[in-house]
Structure formats: C-alpha cells, structure tokens
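*Asks:* Coordinates for the following, if possible.
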Amino acid sequence: MRSACARVAERARAVGIDQAQLERYAEKLPIEEVRRAGTDAFRGVAGSIDVRAAFVLSLNAINFGSGYFPQLKKRAGTSGYHTLEACLREQFGAAGPFTAAELRVMTGERCARLLEQPAPSPQIRELMELYAQSWRELGSLLERRFGGSFTAFVEAAGGSAARLVRALLELPLYHDIASYAGFSVPLLKRAQLCVSDLALALPDDLGRFQDLDRLTAFADNLVAHVLRVDGILCYEPDLLRRIEREEPIAAGSPEEVEIRACEVHAVELLIAELERRSLRLVPHQLDAWLWSRGGRPAYKAQPRHRTRCPYY
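*Replies:* Model (predicted):
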C-alpha cells in the first residue's frame, strides 16, 4: 500500500505535496498532543468484551458515506459520523448488541429507522441500502465462519493487525482497492480504521496487536482536507474549483485516487521527517490528530471533496 501510494504521488497531475511546507509543519507539531489524539474514543462503550467488539465492528461496517452526508439528517451540532455513532450507542444501550443473525437480515428500511432518517431522499435511501448490505455481509461472515461471534472474529487474527485487515477485505464493501495508471492502489481506509478502533476499545490481549504500527493513514476526505487547508497538499485550480462548488468527485477517478493516495504518502513523509528529528510517531496517531483538527471551524468553513462510495 505504501509503495502504491508513493507511485501515485510521483505521477499525480491534479494533486501535489509541498515538501517545504511539510517540513515546517513537522517542526511545529505538538507531539504529545498527537500521541494522545483519539485514545479516549471508546471509553464510553460499556459492557463485556463481546459487547465492545460487537459495537466497534457494527459501527465500522457503516462508517462511510461522507459523500452523502450533506443530505443526511444529523443531530443538532453533530457531524454525520457522530450522529451514526450516537444512534448505535443508544441502540446497544436500549436493546443490547446486534446478533450476527440480526445483521444478516438487515434492510435499508430498518437502517433508516435506527439511524433517524425519516422520509429519506433518494441519495440517503441509497446510503441506507449500502449500510444494510454492509451489515448483512458482516453478519453472514460471522455466522458462516465464526459461530456468530464478534470476539472469535477478532481472536482469529492472532494479535496481528495486518491479518485482521486482510480478514475484513473478504467483505466486499471493505475491498477498497483502486486502479490508477494501470496498477492497483490499495487504500483500505475502513479496514485499517476498524482495526485501530478495536485496539482502542478492547482490553488486554484481544486488542493488543503487535504490528499496529504497520497501519497507514486512513485515506478519507477529512484528513486530506486538513492537509490541503494547511498547505501540505496542493490541488490544481480546476479540481479545487470543483470542490469549492461542492461538485461530487467521482469514485475511482484519477483525481479522487490522487487525493487519497497523496494523503497517505504525505503522512508517511511527515513521519519520516519526524524520525529525522529523532521524534517517533506512527501514522494512525497522526491521522487521529489530523481528523480531530478537521472539526475546527476554520476547516469546516471550507468545502472538502465529496465522493459517493462505501469506502469513506
């Protein structure tokens, strides 16, 4: 994945990386703040290990749709992601976790009710059907291979983040691999993020992955937006105008692949620059900090690219 994203960055026409700005950025990073970013994300999830595993796997199965979020009905003062998360937390609190059997028969109509989307627009109805499909795929895999157990699915990875990412890629809506200039570009945003979330949510040996540092940044549209606003990613004028007009960027288009691949590569370059200064971070820590930074008013005031797809 790293080498493929680097190849895209070398060939990209619509997206570039400003190396000088990247070096200045690395110099000013608040390292301890970055290391703490996101570490309390799942402290509010109560219950047994099984419940926490079910929550993280269920949430990550629907952790996409940012290209649809302008039409999503959100709770007041809450983003699209946090609306979905809050709905799912309340579902778990009121009725307990979904079983694999329940996920296997999920429908778009039930998703719309659970996720507070009354009378959804055609675009949101499409998103709810994708959510239902993703939940059905997860439930079917758990029943077929793991006796319906969320925990057994995690245990089967044997403490390897990379192995768990590969297991998630068996689910079609996790299969986030693009094509660019004749070669494959694995981006794997949701699979990697799911593993990172499990590491935060699960205690002791089950959530302790010995190779967690192998994860890259999680290629989405918010971290790329932060890197663009902060001057590290540079978009050619026509692409930037389309984004500012809030025109959708087609999934799998050269521009969309370049944005995501250059995002991943820029984070790798930042990590390398920090190492040159004898400072150690891993990509998922920096990703969590950049993602949180994207919630600030200065970033929310500017449009970010929107792509309708099941990958972010």
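*Asks:* correct me, but residue 246 touches residue 304?
*Replies:* No. Applying C-beta atoms under 8 Å as the test, residue 246 and residue 304 come out as separate, 9.4 Å apart. The way it works is simple: take the backbone N, C-alpha and C, and place the C-beta from them, glycine included.
*Asks:* more neighbours, those two?
*Replies:* residue 304 (21 against 11; other C-beta atoms under 10 Å).
*Asks:* Could you tell me which residues make contact with that one?
*Replies:* 221, 222, 224, 225, 228, 243 (C-beta atoms under 8 Å, 6 or more residues apart in numbering).
*Asks:* so how far is residue 8 from the first one?
*Replies:* In other words, residue 221. 16 Å (C-beta to C-beta, to the nearest Å).
*Asks:* So between these two, which is more surrounded?
*Replies:* Between residue 221 and residue 8, counted using other C-beta under 10 Å, residue 8 has the larger neighbour count: 25 against 22.
*Asks:* Which helix or which strand is home to that one?
*Replies:* Here residue 8 sits within helix 2-11, counting by DSSP states H and E.
*Asks:* Note down every partner strand of the helix or strand just after that helix and its orientation.
*Replies:* Where DSSP H and E defines the elements, the next helix or strand beyond helix 2-11 is strand 15-17. Note on strand 15-17: by DSSP bridges, its sheet partners are strand 233-235 (antiparallel).
*Asks:* Could I get the buried residue list for the partner strand?
*Replies:* Neighbour-count burial for strand 233-235 flags 233, 235 (criterion: 16 or more other C-beta atoms under 10 Å).
*Asks:* With stretch 201-208 instead?
*Replies:* Using 16+ other C-beta under 10 Å as the test for burial, stretch 201-208 gives 201, 202, 206, 207.
*Asks:* Could you work out the most separated pair of these?
*Replies:* Spatial extent of the buried residues of stretch 201-208 (C-beta to C-beta) is set by the pair 201 and 206 at 9.7 Å.
*Asks:* Please, where are all the helices along the stretch 101-250 of the chain?
*Replies:* In the stretch 101-250 of the chain, the helices defined using DSSP state H, counting those that start in this stretch lie at 108-114, 122-146, 150-155, 161-168, 189-201, 222-229, 237-244.
*Asks:* so which of those helices comes closest to residue 295?
*Replies:* Residue 295 lies closest to helix 222-229 among these, at 8.5 Å (C-beta to C-beta).
*Asks:* The closest one: how far from the chain's middle?
*Replies:* Remark: helix 222-229 is offset 14 Å from the chain centroid, using C-alpha atoms, centre = their mean, to the nearest Å.
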